[in-house]
Structure formats: C-alpha cells, structure tokens
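Peer 1: I'll drop the sequence and a predicted model, then ask my questions.
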Amino acid sequence: MRTALFALLLAIPALAQTPAQKAELDQLFELLKAAPSEEAAAPVEARIQRTLVNGASPAVMLLLQRGMRNMEAQAWREALADFDAALDLAPDYVEGWNRRASARFMMGDLEGAVRDIREVLRREPRHFGALVTLTAIAEERKDYKAAVQAYEAALAIYPKLQGGEERLRELHRKAYGEAL
C-alpha cells in the first residue's frame, strides 16, 4: 500500500500554470536544487513560496490569511472552513489545497490531508512542502519506509532543506533500524 500510494501521488499529471508562472517556478526550482548551502537556499525557498501564493484574488488571499491566523490560534475547524471557502472561489489554487492539507493533518484527518496533498502535487509536483507534510503523515501512521520515500522526494527537489540530512538519517533509522 505504501509504495502504491506514494507512486500514485507522484504520477499525477501537472495542471497547467500560466507560462510566466511556470517559467519563474522552473528557474527558482533550478536555483533551489543548485543552492550550495542552507543559507543560500533559504531566500530561494521564500521566493518559491511567494510565487505559489501570488496570483490569487484579494478575496482568496483574505481567506487564506484568516485561515493561517486560525491555525496559529489552533482553531482548526475555523481554519478548515476558511480554506474550504478559498478553494470554492479558486479550485486550482495550489496553496489553498496545501494549507487545507495542513489543517486536516493538524485535526487528525490523515486521509483528508492525503487527498489534499494529491491535489497539491497534481498542480505543482515539485511542492516540497506538501512532500514534507506527506512525510509527517506517514510517520504519524508509523509507516517509516513511506516517510523515508516522501522525504527523499522532497530532498530531491530541495537538497539543502534545513536539517534535511539529519531528518533523513532519523527517518532511515526508524524505517530500517540503522542510520544512513
């Protein structure tokens, strides 16, 4: 099941982005992959996140911001309602799906979170944040081999993810009883 679910999530065809957004993201993901250090990668990561967030209508942005405030306040149901409303207005908005996946994960709705991550990866297969959340879901399920697989996929996109090598060693130890 682990391998089949992970393969299914990564095999989803990407939805079209605007040519300008796709070109910008392509360039940013290349820079991220080539970054020589965590410090050099951090501003590229921030630009990727801004690019993924940009493009939503003011109403969607307001709902997203309100949802994030509700998450910070641990008001998970309210956050979920905000992200639902954002997705009602913009069903192809990657960050709406990603933030809703996070809210569902925090609420303990692992199946719902996985469904939302599938939508994130369908729209942006390089979304390392969604893969990190998928890692946490697999770890919560005590499926450490799937967690290793998801985290390796995130590191293939973002090799200098802060604390990434140490985290991968820990996951590998949990999955296989030994460090890398």
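Peer 2: Received it, and whenever you're ready, just let me know what you need.
Peer 1: my read: V60 touches D92, true?
Peer 2: No: at 10.9 Å, V60 does not count as touching D92 under the criterion of C-beta atoms under 8 Å. (C-beta placed from N, C-alpha, C; glycine too.)
Peer 1: who's more crowded, the two?
Peer 2: V60 (20 against 13; other C-beta atoms under 10 Å).
Peer 1: all helices for this structure, in order.
Peer 2: 2-10, 19-34, 38-53, 58-72, 76-89, 94-107, 110-123, 128-140, 144-157, 164-176 (DSSP state H).
Peer 1: which strands and helices lie in contact with the second one?
Peer 2: I take that to be helix 19-34. On a contact count with 3 or more C-beta pairs under 8 Å, 6 or more residues apart in numbering; DSSP states H and E, helix 19-34 meets helix 38-53, helix 144-157.
Peer 1: what residues are up against the spatially most central residue of the chain?
Peer 2: Centroid-nearest residue in the chain, with C-alpha atoms, centre = their mean: A130, separated by 1.6 Å. Contacts for A130 were tallied using C-beta atoms under 8 Å, 6 or more residues apart in numbering; they are 98, 101, 117, 120-121, 124.
Peer 1: and with 6 Å instead?
Peer 2: 98, 117, 120-121 (C-beta atoms under 6 Å, 6 or more residues apart in numbering).
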